[in-house]
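Q: Sequence first, predicted model second:
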Amino acid sequence: MFVGSVKDIEEIKFVGPGVVNAFKKSLIGPGEGWEGWVMRLITLRDRGCSPRHAHPWPHINYILEGSGVLFIEGKDNTLEAGSIAYVPSNAEHQFASSSDQDLVFICIVPEEGDK
């Protein structure tokens, strides 16, 4: 069992080519007893974005606040609070904030996707 608070979890800045103002908190994963999966809180600040990329694991996403775009399979998809998205394995994708307000979302990936 694990009970905690988001405010007590360290925020880590993503770094790398194509990453802009992107941060994560790994909320629940193997360290908290959920073997094989990780639930993360992703924040894209001030028109931040992930790089356009693909990898061999899926994402499950739920948008908590803000607005933005998910580029996937050659198409831009509008995101807002309450949006949900499934990004399949090996699909080229990119998350981007569309304003100076934070785009905040839950992202669940297999454990290897949180390294």
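A: Here it is on my side, so go on. Numbering: from 1, shown residues only.

Q: So which residues of this structure form helices?
A: Secondary structure of the chain (DSSP state H): no helices located.

Q: What is the longest strand of it by residue count?
A: Taking DSSP state E as the criterion, the chain has its longest strand at strand 37-49.

Q: okay, that strand in CSV with CA atoms only?
A: C-alpha atoms of strand 37-49 as CSV (Å, rounded to 0.1, in the frame of the first residue of the first chain):
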residue,chain,number,x,y,z
TRP,A,37,4.1,0.3,-14.6
VAL,A,38,4.6,4.0,-13.6
MET,A,39,2.0,6.7,-13.2
ARG,A,40,3.6,10.1,-13.9
LEU,A,41,2.5,13.7,-13.6
ILE,A,42,3.8,15.6,-16.6
THR,A,43,3.8,19.4,-16.7
LEU,A,44,4.6,21.4,-19.9
ARG,A,45,5.1,25.0,-18.9
ASP,A,46,5.0,28.2,-21.1
ARG,A,47,4.4,26.6,-24.5
GLY,A,48,6.6,23.6,-23.5
CYS,A,49,6.7,20.4,-25.5
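
Q: Start at 46, not 1
A: New numbering, starting at 46: the last item is strand 82-94.

Q: which outside residues touch that strand?
A: Defining contact as CB atoms under 8 Å, 6 or more residues apart in numbering, one finds that strand 82-94 is touched by 51, 54, 56, 63-75, 95, 111, 113, 139-145, 147-156, 158-159. For the C-beta atoms, the positions are set from N, CA and C on the backbone; glycine is no exception.

Q: One more: stretch 131-147?
A: Against stretch 131-147 from outside (CB under 8 Å, 6+ apart): 66, 87-106, 110-119, 124, 148, 150.

Q: Which of those are buried, as a ChimeraX select command?
A: For the buried members of the contacts of stretch 131-147, the matching ChimeraX selection, counting by 16 or more other CB atoms under 10 Å, is:
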select :66,87,88,89,90,93,94,95,103,104,106,111,113,114,115,116,117,124,148,150
